[in-house]
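A.B. asks: mind looking at a prediction? Sequence and model below.
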Amino acid sequence: MSASTETTIALNEGVTEALSREAATARSAGEPEWMRERRVHAFDVYARTPMPTRRLEEWRYTDLGEKLDLASLSLGTRSEVADDPSAWPAGVRATMEEDWDAAAHVVLIDGTVVHVDLDEALAGKGVVVTSLRDAVNDEETWEDAKQYLATQAVKPERGKFAALNCALYLDGVYVYVPRGVHVDLPVRVTRWISTSAAAHFDRALILAGETSKVTYIDEVLSDDLDTHTFASNAIEVIAKDGASVQFVQMQRLGRNVFAHSQQRTLAHRDATANTLNVALGATTSRVDLNAQMLGPGSSSEMLGLYFGDGDQHFDHNTSQDHVSPHAFSDLLYKGALDGDAKAVFRGIIRVHPKAQQSDAYQTNRNLLLSETASADTLPNLEIAADDVKCSHGATVGQLDEESLFYLMSRGIPQEKAERLVVMGFLGEILLKVSLGGVIEKITREIERKLAHV
Amino acid sequence: MPQNETVQDLQLDEYKYGFVDEEQHVFRTQPGLSEEVVRQISANKDEPAWMLDFRLKALEVYESKPMPTWGGDLSTLQETLDEIYFYVRPQDKMERSWDDVPANIKETFEKLGIPEAEQKVLAGVGAQYESEMVYHSLKQEWEDKGVIFDSIEDGLKNHPELFRKYFGTVIPTADNKFSAMNSAVWSGGSFVYIPPGVELETPLQAYFRVNQERMGQFERTLIIAGEGSRAHYIEGCTAPVYSTESFHSGVIEIVVEKGAHFRYTTIQNWSNNMYNLVTQRALVHEGATMEWLDGNLGSKLTMKYPSCYLIGEGAHGNILSIAYAGDGQHQDTGGKIIHAAPNTTSSIVSKSISKGTGRSSYRGLLQVHDGARNAKSNVECDALLIDENAKTDTYPYIEIDEKTAHIGHEATVSKVGDEQLFYLMSRGMSEEEAMALIVRGFIEPIAKLLPLEYAVELNRLIELEMEGSVG
């Protein structure tokens, strides 16, 4: 087969009536010209990029042909829900009851920002938490948005889905923390999906100025939906020199959702960009996370936790790029799988030439709780500098018999003992995160899932 | 350890097997690969019709498969393949005594120390020169016990039923592009049969030499280790250094029957202009053990992943891999273990050293099939980097479909510690000696599993390669 035929086949793959160049142009209504150009360019990248298949290393264990049906989807539209809690879905109100401890709240419904509040003192210090659409349209903030939105972190050239999100995102969250400002309480974002048979696109840009500090908790959830629905999200974290950003995503979407989150953290000199990704919901959940250690002394702690049951399919695709010397990254992803659930972990540490004195670690551990659960894990290393400390590890196994035996010998019934051991296994991740509300929510959800074991 | 003596032994930082013999052959095909070439090889070997069919079908499969885009850089391989000779017949028949081997070829093997080793430590020796085995012999006592150790061609001729029962069953033609290529043009290699219950006390050895410039060698080995038998097979390979590229693509099929124990050792020391793309696989039956000991020191690019298919309950697979990548070399090696039966166990230990602009990659697959209850496996990879331009990669694929599996993978990457060097140098060693000692310590877990002579040889090779690595 000649190269030109292959290109023809690939061309416009995934372009449907709903996901079209016209749709990208329509999305830019009211936006400045540069944003319109950016969307159209992104759509062109999407259209010319072939749909990933299992022949691609990064999609080896997730078959998009089987899991995602773009042609069945309409494009998500603006939600008309009012900025009034009584008008919000009950699930949003319920989860936000525990979110009182916050510097800011943002609520999105089907990708539309319906509520923003920000601590006044922080606003006085120049902190901005707003809808991405407003940030792009407001001349006071658009310079930064123009410089960073989909240009350095999750840019269209990252791949077909990064391009699609940039072309079609409806709205999102913009966070800016000025130099030296510490935002001590978290920014809490609740994203709710209610319309099924649709493709929803949103994103967030988190800009932390020099030596500033901010925590961002992103909770995405829905009820179980009646048909196939696509929820795409892009997260861009830019931590400037000496800044410290903690990003947490809790995915508790309902069944029938294909959740795709593409995240990239850029840590400049002495900056810290930590992440925690928790996957509990959705039918298919895919997270692409790339951590860039761009400046000397930068660091990134990357945590992940998942619990799959039924026919859930979780795919975590992570990478740690050590571009500068003297940087540190440490990844730990742990998951338990019950029912017919399947977990995929593909991680790679890349130590680039000249990135001497890199410290990079990567560990993935899986617990199989049922006969039909499965786990594929690929912890990769590519090292091109010699003065480094790197290690990785992966395990797949069942519940530790000795721990079980110990608990049961103390009179704890087997079922309860098993749950305790699973909680203990996953708890290692939660112990590393001291965030009010987060641990409780995750623990409750895992316990609910375990009750069915 | 008499450090100073061994260091004096270091001659030059040259490839010591790079000498060239005068080129003499009785027949060779046109350069490149075509149906005509395949027919000529088959006719030259006076094969049965089914084998010609097998070859021609394999050629079709080869042509239909795309060139791999993973692993090493194969972007200019096609140009090399268009220019090489796929079959070169060095003499008319295979000999059973060194005295009958033509003088120039015999001299080559004498320089490599083969006849001497045969006397001392081996149960049998096979020697391949270009495309054909030129020498094969087995000590009488093993022949009396029914052991067969022959060239693959004589295996087909003299034991047609046994041959046909197993040939191509462990590695199907279509397994990969290069197994298909080998199936089309194979020539040379060994046919080994160890009868049930026979335990060979000393190893069998096959030695592969490519002398001709622009040459492709495609040996094919088929080994059947009968129930409860025990044996060790060693292969070694070298070639002269030419400015053009050469190609080697072997297929090694091994059947380890119930309760048998088989070890296959490779000391691959091809010259640095050789593409070495090899498929090696063993089917391991109930309670049997297969060990691959894979040492890759030479070649320009090696892509080789010895595999164990654990298909019988309680089968055990063991892969020990050591790779050394010097300037311009890429060793893309590792291993595959498939747990397809209950209570199977396996372990992979990989050690690699990258020096200069060398790159060593570990690529492994560990698979536990649903129903392979209580499978246990552990993989350990350690990489040592000796220069700031050296590269190392680790790509372990782990696919688990069985709850009761117990699987672990660990890897570390390190450089030779300044502290270790300082310590040894403070005891009066030169930097070079200290470095060689540290590297020897690093590979020691693997070297100690080799018969003494080979362990010494491996150490010497590493020392030769280490020469000039510091300062």
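C.D. replies: Looks like it arrived, so ask away.
A.B. asks: from memory residue B:314 sits against residue B:343, does it?
C.D. replies: Yes. Counting by CB atoms under 8 Å, residue B:314 sits close enough to residue B:343 to count as a contact (4.9 Å). (Each C-beta comes from the backbone N, C-alpha and C, glycine too.)
A.B. asks: which ones are touching the residue of the stretch 51-200 of chain A found nearest chain B?
C.D. replies: Residue of the stretch 51-200 of chain A nearest chain B, by CB to the nearest CB: residue A:57 (7.6 Å). Each residue near residue A:57 by CB atoms under 8 Å, 6 or more residues apart in numbering or on different chains is listed here: A:346, B:70.
A.B. asks: for residue B:309, same thing?
C.D. replies: Applying CB under 8 Å, 6+ apart, we find residue B:309 in contact with B:170, B:281-284, B:338, B:340.
A.B. asks: repeat the analysis, applying 6 Å as the threshold.
C.D. replies: B:283, B:338 (CB atoms under 6 Å, 6 or more residues apart in numbering or on different chains).
A.B. asks: from residue B:189, how far off is it?
C.D. replies: 20 Å (CB to CB, to the nearest Å).
A.B. asks: so what's the residue nearest the centre of chain B bridging to?
C.D. replies: Geometric centre of chain B, nearest residue: residue B:266, 4.1 Å, by CA atoms, centre = their mean. Beta-bridge pairing of residue B:266 under DSSP bridges involves residue B:235, residue B:294.
A.B. asks: okay, it: pLDDT?
C.D. replies: With respect to pLDDT, residue B:266 scores 89.
A.B. asks: what do you get for residue B:7?
C.D. replies: pLDDT, residue B:7: 34.
A.B. asks: by contact count, what packs against the lengthiest helix in chain A?
C.D. replies: Counting residues, the longest helix found in chain A (DSSP state H) is helix A:414-431. Contact partners of helix A:414-431 among helices and strands, from 3 or more CB pairs under 6 Å, 6 or more residues apart in numbering or on different chains; DSSP states H and E: strand A:299-308, strand A:328-337, helix A:401-409.
A.B. asks: helices or strands next to the helix or strand harbouring residue B:290 in the packing?
C.D. replies: Assigning secondary structure by DSSP states H and E places residue B:290 in strand B:289-296. Where contact means 3+ CB pairs under 6 Å, 6+ apart, strand B:289-296 is packed against strand B:261-268, strand B:316-325.
A.B. asks: the longest one pairs with which strands, parallel or anti?
C.D. replies: In the sheet, strand B:316-325 lines up against strand B:289-296 (parallel), strand B:345-354 (parallel) (DSSP bridges).
A.B. asks: wait, residue B:202 sits on residue B:125?
C.D. replies: No. Counting by CB atoms under 6 Å, residue B:125 is not a contact partner of residue B:202; they are 10.9 Å apart.
A.B. asks: what parts of the stretch 251-400 of chain B come near chain A?
C.D. replies: With the criterion set to CB under 6 Å from any CB of the partner chain, the stretch 251-400 of chain B comes near chain A through B:385, B:388, B:390-395, B:397-400.
A.B. asks: what's the ChimeraX line that selects buried ones from these?
C.D. replies: Selection of buried members from these for ChimeraX, criterion 16 or more other CB atoms under 10 Å in any protein chain shown:
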select /B:385,390,391,392,393,394,395,397,398,399,400
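A.B. asks: possible to save the residues of the stretch 251-400 of chain B next to chain A as TSV with secondary structure, distance to residue B:351 and pLDDT?
C.D. replies: Converted to TSV, those look like this (DSSP: H, G, I helix; E, B strand; the rest coil; distance: CB to CB, whole Å; pLDDT from 0 to 100):
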residue	secondary structure	distance to residue B:351	pLDDT
B:385	strand	12	87
B:388	coil	20	84
B:390	coil	14	90
B:391	strand	16	93
B:392	strand	11	93
B:393	strand	14	93
B:394	strand	12	92
B:395	strand	16	93
B:397	strand	19	93
B:398	strand	20	93
B:399	strand	24	94
B:400	strand	25	94
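A.B. asks: pLDDT below threshold where in the stretch 101-250 of chain B?
C.D. replies: Within the stretch 101-250 of chain B, no stretch has pLDDT under 70.
A.B. asks: could you pull out the strands in it for me?
C.D. replies: In the stretch 101-250 of chain B, the strands defined using DSSP state E, counting those that start in this stretch lie at B:124-129, B:132-138, B:148-151, B:190-194, B:204-209, B:216-217, B:220-225, B:230-238, B:246-248.
A.B. asks: nearest to residue B:256, out of these?
C.D. replies: Of all the strands of the stretch 101-250 of chain B, it is strand B:220-225 that lies closest to residue B:256, at 4.9 Å by CB to CB.
A.B. asks: what separates the closest residue to residue A:369 other than its chain neighbours from residue A:451, distance-wise?
C.D. replies: Leaving aside its chain neighbours, residue A:369 sits nearest to residue A:338 (4.3 Å; criterion: CB to CB, 6 or more residues apart in numbering or on different chains). Here residue A:338 is placed at a distance of 11 Å from residue A:451 (CB to CB).
A.B. asks: which one's more surrounded, these two?
C.D. replies: Per other CB atoms under 10 Å in any protein chain shown, whichever of residue A:338 and residue A:451 has more neighbours is residue A:338, with 22 against 9.
A.B. asks: what confidence value was assigned to the more buried one?
C.D. replies: 95.
A.B. asks: I'd say it and residue A:372 touch.
C.D. replies: No. Assessed by CB under 6 Å, residue A:338 is found out of contact with residue A:372, at 9.2 Å.
A.B. asks: out of the helices and strands packed on helix A:414-431, the one nearest chain B is which?
C.D. replies: Nearest of the helices and strands packed on helix A:414-431 (CB to the nearest CB): strand A:328-337, 9.1 Å.
A.B. asks: give me the mean pLDDT for whatever helix or strand comes next after the closest one.
C.D. replies: Counting by DSSP H and E, the next helix or strand C-terminal to strand A:328-337 is strand A:342-351. Computed over strand A:342-351, the mean pLDDT rounds to 96.
A.B. asks: if anything else comes up later, I'll come back, but that's it for now.
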